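Engineer: Model the structure of this input:
(one chain, ligands or ions: 1)
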Amino acid sequence: MKTIRLAVVGGGSSYTPELIDGLIKRWQNGEFLTEHLALIDIPQGKRRLETIAGFVQRMMQSAGMPCKVTSWTELAPGLEGADFVISQIRVGGMKARQADEHIPIKYGIVGQETTGPGGFACALRTIPAALDIARQVEAVCPDAWLLNFTNPSGIVTEALIKYTKAKVFGLCNVPIGIKMGIAQALGVEHQRLSVDVSGLNHLSFVTGLYLDGTDIMERVMNSPLLGAYFDRIKIGRDLAFFVNELSVIPGSYLYYYWSRQKAIRDQLEDISSGKGTRADQVMKIEADLFKLYADQSVHTLPPELKQRGGAYYSDVALNSISAIVRNVPHTEVLNVENLGAVPGLPEDVVVEVTTVVDGSGPKPVAQKQLPVGILGLVQKVKCYEQLTVEAAVEGDVVKAFSALINHPLVQDGETAANLLKDILEANSEFLPQFKATEIPGF
Ligand code: G6P
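Structural biologist: Numbers count the residues shown, from 1 in each chain. As a prediction, the model looks like this:
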């Protein structure tokens with residue numbers, strides 16, 4: 001069996017055990033053995049890192065998997081010898097996410113981790129740190145593949161691809177979640193389905209659906225079969241009708257664009273009922289999870305982890321790693337350089353698209369054009385994403401303003417300027433790249 005050395009940056013995340021559960025299954029399946037797992041985190045995260053390291057060691061021991069687990073609070077030594085590096089960091093932790101979610105609400109815009117002004121703030125904080133990780137990968141383990149799960153995943157991956165030479169691709173659990181959701185609605189095993197996916201991270205669409213290789217898209221779209229799925233992604237029956245007309249199946253993030261008024265209403269209701277924003281909720285879930293991880297009698301994945309949103313991210317990461325290690329072509333939806341695969345978007349931007357992964361990494365599969373009723377939104381969001389990457393790298397306040405005003409949830413000069421001021425102020429300790437914070441004209 002092939003063996004690998006894996007480094008996880010942000011190893012102290014409450015998500016990590018899902019990844020380890022996946023590593024154990026791959027080994028039990030005879031796909032590959034992770035002989036060394038290096039968990040890396042920042043010094044402030046040492047306690048959590050040690051709790052996770054202890055827990056994942058118990059998981060491996062109870063499964064009998066021979067793997068050396070090490071933990072590091074410095075990046076370079078932790079990366080030494082890695083064949084694969086997974087990046088899953090959260091700059092500023094859950095507190096920064098909480099601010100990201102609360103600031104937009106002041107301006108009547110939904111506060112969301114990755115979409116809209118919240119995702120924009122997260123990108124400004126995260127891109128410099130993500131670039132630093134990639135540059136250290138280039139220096140310490142240049143042959144390693146860097147898998148980016150750090151949010152906002154598509155935007156961060158675009159920065160990594162444009163500004164570093166590391167071997168990078170991005171991943172997200174939404175596309176696999178869409179496939180699982182469709183399989184459940186149709187009452188078939190998800191392994192029997194395959195999908196054509198095209199678009200951007202947190203804004204991608206299934207445009208082709210196959211059951212055992214037979215095209216079933218038209219049949220499914222013209223039937224009530226997907227009703228339960230549309231309910232789950234909060235697309236009302238009226239919008240579901242329109243989506244059917246366009247013959248695409250969206251993921252759950254379309255709700256923030258197409259039901260933006262409802263999204264903010266729902267969020268305000270959650271806040272006034274005491275439920276809080278998602279970050280407020282996740283803080284409580286994480287506190288409970290870490291208690292379980294620290295409990296010496298627990299050595300398997302606690303079902304409580306299902307309360308977090310990242311389900312199946314380890315499948316996407318490990319399916320890809322397995323295909324690379326064994327050089328067996330495998331189809332997976334990933335975030336990669338477009339290279340013409342998604343028509344209507346520039347060649348050099350990152351898209352979320354069906355790829356074929358083998359020993360040489362993922363290659364995007366050419367897709368048909370998205371329907372015009374969708375393409376405009378995708379192009380606009382990509383325009384915002386490109387400007388956000390440039391703003392974060394250059395610390396350029398004008399580009400930052402330009403990014404925000406181009407976001408479909410903003411599109412107003414005064415709102416963009418106020419949001420930007422608030423975001424720069426709330427994140428000042430994480431944004432040393434922004435020397436000037438005055439927005440000309442405002
Ligand atoms: C999904 C998204 C991730 C996001 C997560 C949030 O999995 O794809 O990008 O980070 O949900 O989950 P949480 O439990 O943190 O709200």
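
Engineer: Retrieve the pLDDT associated with the residue of the stretch 251-400 of the chain found nearest the ligand.
Structural biologist: Residue nearest to the ligand within the stretch 251-400 of the chain: Gly309 (2.4 Å; CB to the nearest ligand atom). C-beta here means a position set from N, CA and C on the backbone, and glycine is covered the same way. We have a pLDDT of 92 for Gly309.

Engineer: what does Ala228 give?
Structural biologist: Looking at Ala228, the pLDDT reads 89.

Engineer: next one: Phe241
Structural biologist: At Phe241, pLDDT is 87.

Engineer: To which secondary structure element is it assigned?
Structural biologist: Phe241 belongs to helix 237-246 when assigned by DSSP states H and E.

Engineer: Identify the residues contacting the residue of the stretch 251-400 of the chain closest to the ligand.
Structural biologist: Asn173 (CB atoms under 8 Å, 6 or more residues apart in numbering).

Engineer: So it: helix, strand or coil?
Structural biologist: coil (DSSP: H, G, I helix; E, B strand; the rest coil).

Engineer: And Asn335, by the same measure?
Structural biologist: Following three-state DSSP, Asn335 is assigned to strand.

Engineer: which ones are touching it?
Structural biologist: 148, 153-154, 157, 169-172, 201, 350-352.

Engineer: Any idea how many residues pack against Trp258?
Structural biologist: 18 (other CB atoms under 10 Å).

Engineer: All the strands of this protein, in order from the start?
Structural biologist: 2-9, 32-40, 68-72, 84-87, 145-148, 167-170, 193-200, 203-211, 214-215, 249-250, 330-337, 350-358, 361-364 (DSSP state E).

Engineer: would you list those strands in CSV and tack on mean pLDDT and distance to the ligand?
Structural biologist: Shown next, in CSV, are the strands of the chain (pLDDT from 0 to 100; distance: least, CB to the nearest ligand atom, whole Å):
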stretch, mean pLDDT, distance to the ligand
strand 2-9, 98, 16
strand 32-40, 98, 19
strand 68-72, 98, 22
strand 84-87, 98, 13
strand 145-148, 98, 11
strand 167-170, 98, 11
strand 193-200, 98, 13
strand 203-211, 98, 11
strand 214-215, 98, 27
strand 249-250, 96, 14
strand 330-337, 98, 11
strand 350-358, 98, 11
strand 361-364, 98, 18
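
Engineer: any chance of those in a markdown table, with distance to Ala139 too?
Structural biologist: Shown next, in a markdown table, are these (distance: least, CB to CB, whole Å):
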| stretch | distance to Ala139 |
| --- | --- |
| strand 2-9 | 14 |
| strand 32-40 | 15 |
| strand 68-72 | 16 |
| strand 84-87 | 12 |
| strand 145-148 | 12 |
| strand 167-170 | 14 |
| strand 193-200 | 30 |
| strand 203-211 | 33 |
| strand 214-215 | 47 |
| strand 249-250 | 40 |
| strand 330-337 | 22 |
| strand 350-358 | 23 |
| strand 361-364 | 20 |
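
Engineer: closest to Tyr107 out of those?
Structural biologist: strand 203-211 (21.3 Å; CB to CB).

Engineer: Tell me which residues are up against that closest one.
Structural biologist: Against strand 203-211 from outside (CB under 8 Å, 6+ apart): 174-175, 178-179, 182, 186, 188, 192-199, 215-217, 220, 247-251, 253-254, 257, 333, 352-353, 367-368, 370, 374, 377-378, 381.

Engineer: buried subset of those residues?
Structural biologist: Taking 16 or more other CB atoms under 10 Å as the criterion, what is buried in these is 174-175, 178-179, 182, 186, 193, 195-199, 216-217, 220, 247-251, 253-254, 257, 333, 352-353, 367, 370, 374, 377-378, 381.

Engineer: between the contacts of Asn335, which is nearest Asn319?
Structural biologist: Leu171 (9.5 Å).

Engineer: Quick check, the closest one in contact with Gly154.
Structural biologist: No: applying CB atoms under 8 Å, one finds Leu171 not in contact with Gly154, separated by 10.1 Å.

Engineer: ok, the closest residue to Thr126 other than its chain neighbours to Asn201 distance?
Structural biologist: Distances taken as CB to CB, 6 or more residues apart in numbering place Val91 nearest to Thr126, at 4.8 Å, with adjacent residues excluded. From Val91 across to Asn201, the span is 18 Å (CB to CB, to the nearest Å).

Engineer: between these two, which one's more packed in?
Structural biologist: Asn201 (30 against 22).

Engineer: wait, what's in contact with the more buried one?
Structural biologist: Per CB under 8 Å, 6+ apart, neighbours of Asn201: 114, 152-155, 157, 170, 172, 174, 335, 350, 352.
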